[in-house]
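A.B. asks: no sequence for this one, just the structure:
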């Protein structure tokens, strides 16, 4: 019986380890590639275009997603291409 419990414990550990390894890539698309424009450069460019109140920034699907509050409190989400630094949608 002890042998069976040991084998079950080993199998459970192996399953848990393989699940953790598979999950390591879950957030891979949320990190900019090494040659992407730095977020500081992107924010500076947006500020130069009159977008002064930036409240949140994240990276998803190859683009910086940046929340900007304009005059009057209107919130806008701006998407910026990570490689070129160009605004692709507002």
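C.D. replies: Structure received. Bear in mind the structure is a predicted one, so any value in this text is a computation, not a measurement.
A.B. asks: what about the closest residue to residue 76 other than its chain neighbours, which helix or strand?
C.D. replies: Closest residue to residue 76 apart from its sequence neighbours, by Cβ to Cβ, 6 or more residues apart in numbering: residue 68 at 5.0 Å. Using the backbone N, CA and C atoms, a C-beta is placed for each residue, glycine as well. Applying DSSP states H and E as the criterion places residue 68 in strand 63-69.
A.B. asks: what does that strand contact?
C.D. replies: The contact list for strand 63-69 (Cβ atoms under 8 Å, 6 or more residues apart in numbering) reads 32, 37, 39, 42-43, 46, 51, 53-59, 75-82, 88.
A.B. asks: just the ones of those residues in strands?
C.D. replies: 53-59, 75-81, 88 (DSSP state E).
A.B. asks: which helix or strand in this protein has the lowest average pLDDT?
C.D. replies: helix 2-23 (a mean of 48; mean pLDDT, DSSP states H and E).
A.B. asks: low-confidence ranges, the chain, go.
C.D. replies: 1-30 (pLDDT under 70).
A.B. asks: again, only this time at 90
C.D. replies: Within the chain, the segments meeting pLDDT under 90 span 1-37, 39, 46-55, 59-62, 69-76, 85, 87-90.
A.B. asks: list the buried residues in the strand holding residue 68.
C.D. replies: Using 16 or more other Cβ atoms under 10 Å as the test for burial, strand 63-69 gives 63, 64, 66, 68.
A.B. asks: skipping adjacent residues, who's closest to the first one in space?
C.D. replies: Okay, so that is residue 63. In this structure, residue 63 finds its nearest non-sequential neighbour in residue 79, 4.6 Å apart by Cβ to Cβ, 6+ apart.
A.B. asks: quick one, what contacts the one you found?
C.D. replies: By Cβ under 8 Å, 6+ apart, residue 79 lies in contact with 63, 64, 65, 66, 87, 88, 89, 90.
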